[in-house]
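Colleague: The sequence isn't on hand, but the structure is:
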């Protein structure tokens, strides 16, 4: 595995999905016909994930079972049929939409004549390909190694199955234990490095808090349009591509609300159903940007027929990272593509704001709504700033909304709107408070 050292790019090591035009056979398993519609949508999403990972999903099918089989996930007859199809279509990798336990993956690997992976492996592979910053590379490598560790047993000829008892130990076990120890040591080093990076990120986050600028974090399902919206609202130049997980590293940009009050907008990694828990744990320092925000802008792809399920997924991840208590404003995106009736339904159900990040429609109304929420605890004040305290005047202009300025013998008279915490700092120079 290559690492972030020396500027080299981290590449995926869970699978061989980075091979160009690798032929993939996708299999989804539903436990009842009642859940087949949702399973079909999930399988279609797996197809997009596989394409993003650089492989060609040449065939996909949904298998219905009364219950999942512990050893193979699917029945032996279904497995044998899948093997025959795989061989006939010259498949390079079989991708299951369901999460596979290490034992299930080993069992399936033994009967297929190609690689067998699951949705989580594909997502990890995509993250590995798209990580660019040092922190992102460290986070993804840690998640990859933690995913691989329990799957070392019996992986290929070099890592022979570990066994117990007299006469069963040999070079295979030595190789396996060497690999396991090496991975554990690397995991320990990565965690130490990430702690250092997290400390630096925490220092920057504290500096933003001390600046007393309100922070709104954009969250949402992957490819909902968060980065495009950030660019629209702040004239930023964040990478935008029409594919899943095109950006992994968080971006923070300064914006100005309609009333003149500045704020910070933070873009974060997109979420997806069955996001590997290793990624959630590894990205804790990045996702802390969300839990420390003053407001969450939950961006929803209004053109997606599965929008409600995506909202549920995002809220589930928000709960995992302790951000469920942060105020939330729904932003129903892609009005230029979606059915107007679907947009209207989502707006009514979630009390959201309809926008098109692509055309700019609704952006003004969105910023007005953001301002109403972020300035709910702000105050209109009149301050008299001494002439020798130019630093205070600069702080007002930087972090507050200055409405009017005039001059007296004692100093500069300023009418301004300030957040509660900033207003408290200026109390010694308060002439009068005009209300909220």
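Modeller: Perfect, thanks for sending it. Quantities reported herein were computed from a predicted structural model and do not represent experimental measurements.
Colleague: Below-threshold pLDDT in the stretch 101-250 of the chain: ranges please.
Modeller: 153-174, 202-212, 236-249 (pLDDT under 70).
Colleague: rerun that using 50 as the cut-off
Modeller: Low-confidence regions of the stretch 101-250 of the chain, defined by pLDDT under 50, span residues 154-172.
Colleague: measure stretch 400-411 end to end?
Modeller: End-to-end distance for stretch 400-411, by Cα to Cα, to the nearest Å: 18 Å.
Colleague: can you give me the offset of that stretch from its chain's centre?
Modeller: For stretch 400-411, the distance from its own C-alpha centre to the chain's C-alpha centre is 44 Å (Cα atoms, centre = their mean, to the nearest Å).
Colleague: Quick one: mean pLDDT over that stretch.
Modeller: Stretch 400-411 shows an average pLDDT of 85 in the prediction.
Colleague: All the strands of this protein, residue numbers only.
Modeller: Secondary structure of the chain (DSSP state E): strands at 22-30, 55-64, 93-96, 115-118, 215-220, 251-256, 262-267, 295-301, 328-333, 353-354, 378-386, 401-407, 411-419, 430-435.
Colleague: tell me the domain ranges of the chain?
Modeller: Described in terms of automatic domain parsing, the domain architecture of the chain consists of the residue ranges 5-132, 152-199, 212-374, 378-435.
Colleague: right, so of the ones you listed, which gets closest to residue 139?
Modeller: Set against residue 139 and scored by Cβ to Cβ, the domains of the chain come closest in domain 212-374, at 4.2 Å. The way it works is simple: take the backbone N, C-alpha and C, and place the C-beta from them, glycine included.
Colleague: what's the offset of stretch 80-93 from the middle of its chain?
Modeller: Distance of stretch 80-93 from its chain centroid, counting by Cα atoms, centre = their mean, is 33 Å.
Colleague: re earlier: now tabulate the strands of the chain in JSON lines and tack on mean neighbour count and distance to residue 83.
Modeller: Shown next, in JSON lines, are these (neighbours: other Cβ atoms under 10 Å; distance: least, Cβ to Cβ, whole Å):
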{"stretch": "strand 22-30", "mean neighbour count": "22", "distance to residue 83": "10"}
{"stretch": "strand 55-64", "mean neighbour count": "17", "distance to residue 83": "13"}
{"stretch": "strand 93-96", "mean neighbour count": "25", "distance to residue 83": "9"}
{"stretch": "strand 115-118", "mean neighbour count": "24", "distance to residue 83": "10"}
{"stretch": "strand 215-220", "mean neighbour count": "25", "distance to residue 83": "39"}
{"stretch": "strand 251-256", "mean neighbour count": "17", "distance to residue 83": "45"}
{"stretch": "strand 262-267", "mean neighbour count": "22", "distance to residue 83": "44"}
{"stretch": "strand 295-301", "mean neighbour count": "24", "distance to residue 83": "37"}
{"stretch": "strand 328-333", "mean neighbour count": "25", "distance to residue 83": "43"}
{"stretch": "strand 353-354", "mean neighbour count": "21", "distance to residue 83": "49"}
{"stretch": "strand 378-386", "mean neighbour count": "19", "distance to residue 83": "65"}
{"stretch": "strand 401-407", "mean neighbour count": "13", "distance to residue 83": "67"}
{"stretch": "strand 411-419", "mean neighbour count": "20", "distance to residue 83": "63"}
{"stretch": "strand 430-435", "mean neighbour count": "11", "distance to residue 83": "74"}
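Colleague: Using CSV, please lay out those strands together with distance to residue 42.
Modeller: As requested, the strands of the chain are exported to CSV (distance: least, Cβ to Cβ, whole Å):
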stretch, distance to residue 42
strand 22-30, 6
strand 55-64, 9
strand 93-96, 11
strand 115-118, 12
strand 215-220, 18
strand 251-256, 29
strand 262-267, 26
strand 295-301, 15
strand 328-333, 21
strand 353-354, 27
strand 378-386, 44
strand 401-407, 46
strand 411-419, 43
strand 430-435, 52
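Colleague: of all those, which lies closest to residue 199?
Modeller: strand 251-256 (17.6 Å).
Colleague: who touches the closest one?
Modeller: 208, 213, 227, 230, 233-234, 236, 238, 262-267, 289, 367 (Cβ atoms under 8 Å, 6 or more residues apart in numbering).
Colleague: Could you do stretch 32-52 as well?
Modeller: Against stretch 32-52 from outside (Cβ under 8 Å, 6+ apart): 17, 24, 26, 28-30, 56-57, 60, 62, 64, 66, 95, 97, 119, 122-123, 126, 243-245, 272-273, 305-306, 309.
Colleague: Let me know which of the strands of the chain is the nearest to residue 278.
Modeller: Where the strands of the chain are weighed against each other on Cβ to Cβ, the nearest is strand 115-118, at 12.9 Å.
Colleague: So which elements touch that closest one?
Modeller: Applying 3 or more Cβ pairs under 8 Å, 6 or more residues apart in numbering; DSSP states H and E, one finds that strand 115-118 contacts strand 93-96, helix 102-111.
Colleague: so what strands line up beside the first one?
Modeller: By that I understand strand 93-96. Using DSSP bridges, the neighbouring strands of strand 93-96 in the sheet come out as strand 22-30 (parallel), strand 115-118 (parallel).
Colleague: and these as a markdown table, adding distance to residue 177?
Modeller: As requested, the strands paired with strand 93-96 are arranged in a markdown table below (distance: least, Cβ to Cβ, whole Å):
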| stretch | distance to residue 177 |
| --- | --- |
| strand 22-30 | 31 |
| strand 115-118 | 24 |
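Colleague: what about those, which gets the closest to residue 87?
Modeller: Set against residue 87 and scored by Cβ to Cβ, those come closest in strand 22-30, at 10.3 Å.
Colleague: from the chain's centre, how far out does that closest one sit?
Modeller: A distance of 24 Å separates the centroid of the chain from that of strand 22-30, by Cα atoms, centre = their mean.
Colleague: Quick one, which of the domains of the chain gets closest to residue 146.
Modeller: domain 212-374 (4.5 Å).
Colleague: what's the closest non-adjacent residue to residue 294?
Modeller: In space, and not counting its chain neighbours, residue 294 is closest to residue 214: 4.6 Å by Cβ to Cβ, 6 or more residues apart in numbering.
Colleague: Kindly report the same for residue 61.
Modeller: Closest residue to residue 61 in three dimensions, ignoring its sequence neighbours and counting by Cβ to Cβ, 6+ apart: residue 27, at 6.3 Å.
Colleague: With residue 98 instead?
Modeller: Across the structure, with Cβ to Cβ, 6+ apart as the measure, the residue nearest residue 98 apart from its sequence neighbours is residue 29 (5.2 Å).
Colleague: In this structure the one you found contacts residue 67, no?
Modeller: No. The pair formed by residue 29 and residue 67 falls short of the contact definition of Cβ atoms under 8 Å, at 10.3 Å.
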